[in-house]
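Visitor: One predicted model, sequence on top.
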Amino acid sequence: RVRGGEQQGRTMLSQIIKADHGYLGVRFYHMLNLGVLGLTPVALVAPEPLTKVTDMALAIAFPLHGHIGMNYVLTDYVPKVFGKAARGPARLVMLGITAMTTAGLVKLNLDGPGVVGALKSLWTAA
């Protein structure tokens with residue numbers, strides 16, 4: 001287990017792109033898992049004033065959780081299919097997908113019903 005030593009030589013952008021590497025990335029991913037696990041049901045039953053707060057938290061947490069998780073998949077499978085040189089470009093594409101997803105969810109929160117409202121609408125009659 002590598003603690004701070006590995007993280008010191010990496011830039012913030014490098015840590016975001018290689019989100020599945022290093023002690024801090026793994027620790028953050030596990031904490032994020034617990035946060036999403038607890039926040040999602042709370043967001044679904046929260047009263048109206050808290051909905052905006054939970055919507056914004058979920059708009060950041062869901063894409064970030066997916067970004068780190070997909071980096072694990074990319075690390076394992078991209079070299080097997082496309083070769084080791086494709087790992088970096090695949091991670092950059094994943095970063096772009098994460099950024100667009102986050103932007104879309106934030107826009108949904110600001111201009112639409114929000115993440116929670118959109119989820120709740122799945123169970124309401126049209």
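Guide: Thanks, I have the structure now.
Visitor: what about the residue lying closest to L39 once chain neighbours are set aside, helix or strand, and which?
Guide: Spatial nearest neighbour of L39, excluding adjacent residues (Cβ to Cβ, 6 or more residues apart in numbering): A57 at 5.9 Å. Placement of C-beta: from N, CA and C, glycine included. Secondary structure assignment for A57, by DSSP states H and E: helix 48-82.
Visitor: sorry, back to before: state the number of residues packed around the residue nearest to L39.
Guide: By other Cβ atoms under 10 Å, the residues close to A57 number 17.
Visitor: The residue most central in space within the chain - nearest residue in space that isn't next to it in sequence?
Guide: The residue lying closest to the centre of the chain (Cα atoms, centre = their mean) is L64, at 1.4 Å. In space, and not counting its chain neighbours, L64 is closest to L32: 6.3 Å by Cβ to Cβ, 6+ apart.
Visitor: Next up, the contacts around the one you found.
Guide: By Cβ atoms under 8 Å, 6 or more residues apart in numbering, the contact list for L32 reads A61, L64, H65, I68.
Visitor: at 7 Å what do you get?
Guide: Taking Cβ atoms under 7 Å, 6 or more residues apart in numbering as the criterion, L32 is in contact with A61, L64, H65.
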